[in-house]
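Colleague: quick one: sequence and predicted model below, then my questions.
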Amino acid sequence: MSKASDNSGPALDVLQQLDATLAGRKGGDPAESYVASLHHKGLNKILEKVGEEATEVILAAKDAEGGKGRDALVGEVADLWFHSLVMLSHLDLSSADVLDCLQQRFGLSGLAEKAARPHNDQ
Ligand SMILES: N=c1c2ncn([C@@H]3O[C@H](COP(=O)(O)OP(=O)(O)OP(=O)(O)O)[C@@H](O)[C@H]3O)c2ncn1[C@@H]1O[C@H](COP(=O)(O)O)[C@@H](O)[C@H]1O
């Protein structure tokens, strides 16, 4: 069990529930489940959706900066997170792996981490 999945709270409940649903859709009927249809179509289709949703997030964020469509931005980010989770699930990974990665970065400044990289040019 990953460290992140040892924690509790509403956000983790949502991610864990979604992870379980996505994994359960593998081998499901593509006619009855959108997630099963993505797994069935394969990684390239899933990556296409991730790319589309990322673009939609960028456009929605620019609108939100202009003061309109803040709810739309939240919806687009939800779509991006969802399709990213499908991608992870397709590759036998899950939100817990990403949460563990983020947790390990706690307390480490992004600037300090970048400066410590080998062959850092900046
Ligand atoms: N969270 C989601 C979720 N978010 C978005 N979507 C779907 O993602 C699809 C693509 O969204 P788009 O806005 O890109 O729609 P589109 O452009 O018309 O899509 P395209 O056909 O052009 O690819 C839509 O059909 C949305 O309904 C989701 N589908 C499923 N879930 C979760 O996954 C569970 C399992 O879903 P099924 O596998 O369908 O039972 C659901 O109970 C939900 O919890």
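Modeller: Okay, I see it.
Colleague: need the per-residue pLDDT for the closest residue to Leu80 other than its chain neighbours.
Modeller: The shortest distance from Leu80 to any non-neighbouring residue, by C-beta to C-beta, 6 or more residues apart in numbering, is to Glu53 (4.1 Å). For every residue, glycine as well, the C-beta is placed using N, CA and C. For Glu53, the pLDDT comes out at 98.
Colleague: go on, Ser109?
Modeller: For Ser109, the model assigns a pLDDT of 87.
Colleague: count of residues packed around it?
Modeller: 9 (other C-beta atoms under 10 Å).
Colleague: likewise Ala31?
Modeller: 8.
Colleague: can you give me the distance of it to the ligand?
Modeller: According to C-beta to the nearest ligand atom, to the nearest Å, Ala31 and the ligand sit 11 Å apart.
Colleague: could you list the low-pLDDT ranges of the protein?
Modeller: 1-8, 120-122 (pLDDT under 70).
Colleague: quick check: residues of it near the ligand?
Modeller: By the rule C-beta under 6 Å from any ligand atom, the part of the chain lying against the ligand is Thr21, Arg25, Ser33, Tyr34, Val35, Ala36, Asp79, Phe82.
Colleague: from those residues, which two are the most distant?
Modeller: Ala36 and Asp79 (17.9 Å; C-beta to C-beta).
Colleague: the helix of greatest length in the chain: which residues count as buried?
Modeller: When the chain is scanned for its longest helix (criterion: DSSP state H), the result is helix 43-65. Residues of helix 43-65 classed as buried by neighbour count (16 or more other C-beta atoms under 10 Å): Ile46, Lys49, Val50, Glu53, Glu56, Val57, Ala60, Ala61, Ala64.
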